[in-house]
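A.B. asks: I'd like to go over a predicted model; first the sequence, then the structure.
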Amino acid sequence: MVISPLRRKVLRDLRRLWAQVLAIALVLAAGVATLILGNGAYSSLYETRARYYEENRFADIFADVTRAPRALLAEIEEIEGVLDAEARIVKLGLLDLPWMAEPGSVLFVSLPGGNGAGLNRLYLRLGRLPDPQSAREVVVSDGFAKAHRLGPGDRLPVLMNGQRRELLITGVALSPEFIYALGPGQMMPDPRRFGVVWAPRGGLEAAYDLEGAFSNIVLKLAPGASTDRVIETLDRLTARYGGVGASARKDQLSHAFLDAELKQLSAMVKVLPPIFLLVAAMLVNMTLSRLITLEREQIGLLKAIGYTSRAVAQHYIEFVLLIAVVGIGIGFVAGAWLGVGLAQMYARFFSFPYLVFTRDPQLYGLAALVTLAAASGGALYAVRSVVRLPPAVAMAPPSPAAYRQQMGWAQSLLRLRQSGVMVVRHLSRWPFRTFSSTLGIAMAVAILVASLWSFGSIDRMIDVTFFRSERHDAQIVFGTPEPLPAVFAARDLPGVLVAEPFRSVSARISHRNLSKKLGIVGRPEEPQLSRVLDPDLRPMRLPDAGVILSEALAEALDVRTGDLVTVDVLEGARPSVTLPVSGISLGYVGLGAAMEIGALNRLMGEGAMVSGVSLQIDEAREAAFYAAAKAAPKTELISVTSLMLSRFRETLAENITVMVTVYVVLAGIIAIGVVYNFSRIALSEQGRELASLRVLGFTNREVAGVLFGELGVVVLLAQPLGWLIGYGIAAAMVAAFSSDLYRVPFVIGREVFASASLVVCAAALLSAYAIRGRINNLDMIEVLKTRE
Amino acid sequence: MAEQSEIVFRATGLTKVYRNGALEVHALRGIDFEARRGEFIVILGPSGSGKSTFLNIVGGLDQASGGEVWFEEHQLTSLGEAALTQYRRDHVGFVFQFYNLVPSLTAQENVQLVTEIARRPMQAADALALVGLADRAHHFPAQLSGGEQQRVAIARAIAKNPEVLLCDEPTGALDSMTGIKVLEALTQVNRAVGATTLVITHNAAIRDIADRVIRFADGRIVEETVNAVKKQPSEVAW
């Protein structure tokens, strides 16, 4: 095969300029990798969930009731649009594991109907399903089993409805209902302290006094059925039986968390790859423009001996396309590799029986295409000059760069030395390049700001939630509301220093046509442990009448302080009242509404009742407290703040390391890519001048100072711009990530900007260091003899 | 007058060998040379005769392979990179064939570039006036003719009040009319500053303006002529 001379030149140019080529290719690769990773992970997660839901018949509607007769099921199945319904028993129990002193809970769920008919069917990973007649045999959730190293044949001691039972594990399973298995009162999945236990209906009926009844119902809808209408009918039917209102799938906890993750991924795909591709296009433009300037005479020669403009232009396009191909190759490998890493991270967070890997060739094709387009886009502007250059003009040396005296005031103001004037004039001589390099480096800063801010905001979330608002050490939640004396009983538990009651009532709060379902929490007028804070973090006094809404809820309902909202209680006598909004409170987790506990109890008309107590515990007597609280018959749930917090931090710490590494590498690639190419081009343009300065007696350091001065200005200008762009991206992320589940406080401390700048400046220094050798080796003798 | 002055440069047995793989090129094959303060020396010789190599070593741009070069009390052949830089900075003015002005600086700023780092510089405006360019001080190189650019380069070279002025083909890129103007500038500053001036050229016509003419061939000095009477640049032509 004969390789045409121009093709050979392309290959030689690539080899000669390998460092610059690699720097550009890496930026392109980062774009390709994030594109593949983001889209791949998104579709992988989406497809896995869809398939899992489909195969295991994940329900569309979920509703809790206190106790409904099984006969109601037939009525529910008759609702128009309902394809299938399953009446279940879903009840909380406590773990009573001898090797775990701290409290943990289990969610008992009756096994779905057999013969493939049931909803939310299990994916059995180990062992077998329990004998339907057995009152002891159960299947446990996979994460829980792993956390405790339990398997078929092991025993599981639990407290069911206050009674100690020893269950027998026959199998380990997963369910589409608990992909994100968040225990009640937890902020992060903690498989050690929360597990799902599927048991045959009979045993659960007996344990929870639900013979012939159910406590939860799930529905599968026919395609095209109206979820809202079915929920409306369902709520009407279940109201009599303590129904607190059904939820659609989008509000189901596990599903909603997965949705939030998908949303983040799609945001990443929208933000990161375009940044990389833009920067890469810019680098291509810079580098190619310089190459074409240097090869001006060769271009003229080629044209003079008969090569068409097209052929010459194609030559340079080929050069760029080859860089893109290198970038695409690296990006494919990195994207696939990172994809595996991300999948492993998902496997830790989400309980999937399998992950559908979408190695969609279309995605790879698209990524390649977009990248080639970005690279050629960058090349086009530069190559235009090749086409326009007449051969005769090309072969003559270029006219010297014309400079103008600009910004004389700035010079005299800064008292610049002449080498400083060189820096300023050279930068302003090529404003587009200066600007695009500044923008490129700013993007690296922005990526870091937009990723690092989240740590500060998580700290803030923890600080506000656990140290200012929910200041209790533990909370006991009763199975059903108890009369006030239960508080005194709790205060008498070993180790309890302070006990503060709360009442929680399910309700729907509406304003105009907007409504949200949530628990209204009644607290003492001036709570000490479980406080309500205003947006300035001052504790709020709970009003005699009226309700305080969290910011998220107030926004969702579009209400301000003083507006009236309708409260439809979904428990007990189900009263409906109109209440004034007496304040807006700060809250990051979930939607919140608070009332004074007396006022809430008056509204319920059931006397002085409490749903649970917030407690301050003597640390030294923790173990005794755990044991006694577990044994107390009314206890349904014990949540311990310190355990929740440490789990929260632990989980974040795992991800923070990974995330910081990834983003620092990505930002480093951009910073190094831009700085290196910028310096190489500046050196190539000014090499002759700098060598002349060396002849005139400038030291290496002084000469390097001219080049690095330019670089320094660009890097410096990029910092505030990067902070600004990063701030914007972060603000957009806050808005995009806020949901009913949680909202993220927008806190960007100075340390975020500082660390982002530090990383980028370090990358810049690294590139500068790589150039230093070239400056030291400037050929002084050569410049004496040659024309540029 | 030159005869009574002290010796500024002294080279003995100077050799330079370039190695390119197995190939050895003897650029200088034993040069003995002396130059006195204020002397104007023209160095002639064909391409590859070693004259530029000689100038580079004397100017502290290149290292010799053997022999010695002394500048006043400094032995250049024993100096390291940093010391050579300092030597160029303090004592040497260079004029290049292609001027090598910094295009982003005006004529005056190009001169200031050097005066800022010099130990006992003259005013940049004075240096420009000396080469007859006082009125062009605020023009950028791109706005100046070739001859004007070369005169700016000369102003830049002498503004530090150097002991030595080294010029490598200063008129090589210029036509005769302009070249003469440049030579006038050179002789004038040679007189005014008293710098020992070494001018390399292909152009034998220039020989008549020198105190002394040295001819290089094949890495050796083959001829040395002392001009009893120096001509004015305006009296020569090529």
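C.D. replies: In hand now; what should we look at? A quick note: this is a predicted structure, and the numbers were derived from the prediction, not measured.
A.B. asks: Could you use CA atoms for every contact and neighbour count after this?
C.D. replies: Fine.
A.B. asks: what about the closest residue to B:Thr106 other than its chain neighbours, neighbour count?
C.D. replies: Excluding the flanking residues, the one nearest B:Thr106 by CA to CA, 6 or more residues apart in numbering or on different chains is B:Phe140, at 4.2 Å. By the other CA atoms under 10 Å in any protein chain shown criterion, the neighbourhood of B:Phe140 contains 24 residues.
A.B. asks: so what's residue 9 scoring on pLDDT?
C.D. replies: Unless you meant another one, I'm taking chain A. pLDDT recorded at A:Lys9 is 87.
A.B. asks: ah, I was thinking of chain B
C.D. replies: Confidence at B:Phe9, expressed as pLDDT, is 91.
A.B. asks: Just say helix, strand or coil for A:Ala101.
C.D. replies: Applying DSSP: H, G, I helix; E, B strand; the rest coil to A:Ala101 yields a three-state assignment of coil.
A.B. asks: List the contacts of it.
C.D. replies: For A:Ala101, the set of contacting residues under the criterion of CA atoms under 8 Å, 6 or more residues apart in numbering or on different chains consists of A:623, A:626-627.
A.B. asks: ok but B:Ile31 is inside a helix, no?
C.D. replies: No: using three-state DSSP, the secondary structure at B:Ile31 is strand, not a helix.
A.B. asks: Does it touch B:Val222 like I think?
C.D. replies: No: B:Ile31 sits out of contact with B:Val222 when judged by CA atoms under 8 Å, with a separation of 9.9 Å.
A.B. asks: More neighbours: which of the two?
C.D. replies: Remark: of B:Ile31 and B:Val222, B:Ile31 carries more neighbours, 23 against 12, as counted by other CA under 10 Å.
A.B. asks: how close does the more buried one sit to B:Arg88?
C.D. replies: With distances taken as CA to CA, to the nearest Å, B:Ile31 is found 21 Å from B:Arg88.
A.B. asks: picking that back up, ok, the residue nearest to B:Thr106 to B:Ser104 distance?
C.D. replies: Per CA to CA, B:Phe140 is found 7 Å from B:Ser104.
A.B. asks: Which single residue of chain A ends up nearest chain B?
C.D. replies: Minimum separation of chain A from chain B (CA to the nearest CA) falls at A:Gly697, amounting to 3.8 Å.
A.B. asks: what's the closest non-adjacent residue to that residue?
C.D. replies: Spatial nearest neighbour of A:Gly697, chain neighbours left out: B:Arg89 (3.8 Å); criterion: CA to CA, 6+ apart.
A.B. asks: Show the contacting residues for the one you found.
C.D. replies: The neighbourhood of B:Arg89, defined by CA under 8 Å, 6+ apart, consists of A:696-698, B:117-118.
A.B. asks: Most neighbours among those, which one?
C.D. replies: For those, the largest number of neighbours (other CA under 10 Å) sits with A:Gly697, at 28 neighbours.
A.B. asks: Name the residues linked to the residue nearest the centre of chain B by a beta bridge.
C.D. replies: The geometric centre of chain B, computed from its C-alpha atoms, lies nearest to B:Leu166 (CA atoms, centre = their mean), at 1.3 Å. Listed by DSSP bridges, the beta-bridge partners for B:Leu166 are B:Phe94, B:Leu198.
A.B. asks: Contacts only, for it.
C.D. replies: Contacts for B:Leu166 (CA under 8 Å, 6+ apart) come out as B:55, B:59, B:92-95, B:197-199.
A.B. asks: How about the residues of the stretch 551-700 of chain A by chain B?
C.D. replies: With the criterion set to CA under 8 Å from any CA of the partner chain, the stretch 551-700 of chain A comes near chain B through A:688-689, A:692, A:694-699.
A.B. asks: how does it look with 6 Å?
C.D. replies: Neighbours of chain B within the stretch 551-700 of chain A, by CA under 6 Å from any CA of the partner chain: A:689, A:697.
A.B. asks: so where do the helices sit in the stretch 551-700 of chain A?
C.D. replies: Using DSSP state H, counting those that start in this stretch, the helices found in the stretch 551-700 of chain A span residues A:551-557, A:597-604, A:622-631, A:641-695, A:700-737.
A.B. asks: again with chain B
C.D. replies: In chain B, the helices defined using DSSP state H lie at B:51-58, B:81-91, B:107-115, B:124-130, B:146-158, B:176-193.
A.B. asks: Packing partners of the helix or strand containing A:Leu302?
C.D. replies: A:Leu302 is part of helix A:296-304 when elements are defined by DSSP states H and E. Contact analysis of helix A:296-304 by 3 or more CA pairs under 6 Å, 6 or more residues apart in numbering or on different chains; DSSP states H and E lists helix A:391-395 as its packing neighbours.
A.B. asks: measure stretch B:149-165 end to end?
C.D. replies: 17 Å.
A.B. asks: just the contacts of B:Arg89 now: which is nearest A:Ser739?
C.D. replies: Looking at the contacts of B:Arg89 and their distance to A:Ser739, the nearest is A:Phe698, at 61.4 Å (CA to CA).
A.B. asks: okay, the closest one: pLDDT?
C.D. replies: 91.
A.B. asks: cool, A:Arg787 as well?
C.D. replies: According to the model's per-residue confidence, A:Arg787 sits at a pLDDT of 62.
A.B. asks: Quick check, the residue in chain B closest to chain A?
C.D. replies: B:Arg89 (3.8 Å).
A.B. asks: do you know how far A:Ser44 is from A:Arg249?
C.D. replies: Relative to A:Arg249, A:Ser44 is positioned 20 Å away (CA to CA).
A.B. asks: Tell me which of the two has more neighbours.
C.D. replies: When A:Ser44 and A:Arg249 are compared on other CA under 10 Å, the one with more neighbours turns out to be A:Ser44, at 21 against 18.
A.B. asks: how would you label A:Tyr354: helix, strand or coil?
C.D. replies: Secondary structure state of A:Tyr354, per three-state DSSP, is coil.
A.B. asks: my bad, should have said A:Ser515
C.D. replies: Assigned by three-state DSSP, the conformation of A:Ser515 is strand.
A.B. asks: Wait, it touches A:Ile509, no?
C.D. replies: Yes: with contacts defined as CA atoms under 6 Å, A:Ser515 counts as touching A:Ile509 at a distance of 5.5 Å.
A.B. asks: ok, the two, which is more surrounded?
C.D. replies: The residue with more neighbours, out of A:Ser515 and A:Ile509, is A:Ile509; 25 against 17, by other CA under 10 Å.
A.B. asks: on that earlier part again, select, out of the helices of chain B, the one closest to A:Met659.
C.D. replies: With distances scored as CA to CA, the stretch of the helices of chain B nearest to A:Met659 is helix B:81-91 (46.6 Å).
A.B. asks: Give me the buried positions along the closest one.
C.D. replies: Taking 16 or more other CA atoms under 10 Å in any protein chain shown as the neighbour-count basis, helix B:81-91 is seen to contain the buried residues B:84-91.
A.B. asks: A:Leu448 - how many residues pack around it?
C.D. replies: Neighbours around A:Leu448, by other CA under 10 Å: 28.
A.B. asks: which residue packs closest to it, ignoring adjacent ones?
C.D. replies: A:Ala756 (5.2 Å).
A.B. asks: residues contacting that neighbour?
C.D. replies: Listed by CA atoms under 6 Å, 6 or more residues apart in numbering or on different chains, the contact partners of A:Ala756 are A:445, A:448-449.
A.B. asks: for A:Asp154, same thing?
C.D. replies: Neighbour list for A:Asp154: A:Ile169 [criterion: CA under 6 Å, 6+ apart].
A.B. asks: near chain A, which residues of chain B?
C.D. replies: With CA under 6 Å from any CA as the criterion, chain B comes near chain A at residues B:85, B:88-89, B:96, B:102, B:104, B:113, B:142.
A.B. asks: which of those residues lies closest to A:Leu557?
C.D. replies: Nearest to A:Leu557 among the residues of chain B next to chain A is B:Ser104, at 62.9 Å by CA to CA.
A.B. asks: circling back to that earlier point, can you add pLDDT and give the residues of chain B next to chain A back as TSV?
C.D. replies: TSV is the format used below for the residues of chain B next to chain A (pLDDT from 0 to 100):
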residue	pLDDT
B:Thr85	92
B:Arg88	92
B:Arg89	92
B:Phe96	84
B:Val102	90
B:Ser104	89
B:Leu113	91
B:Ala142	90
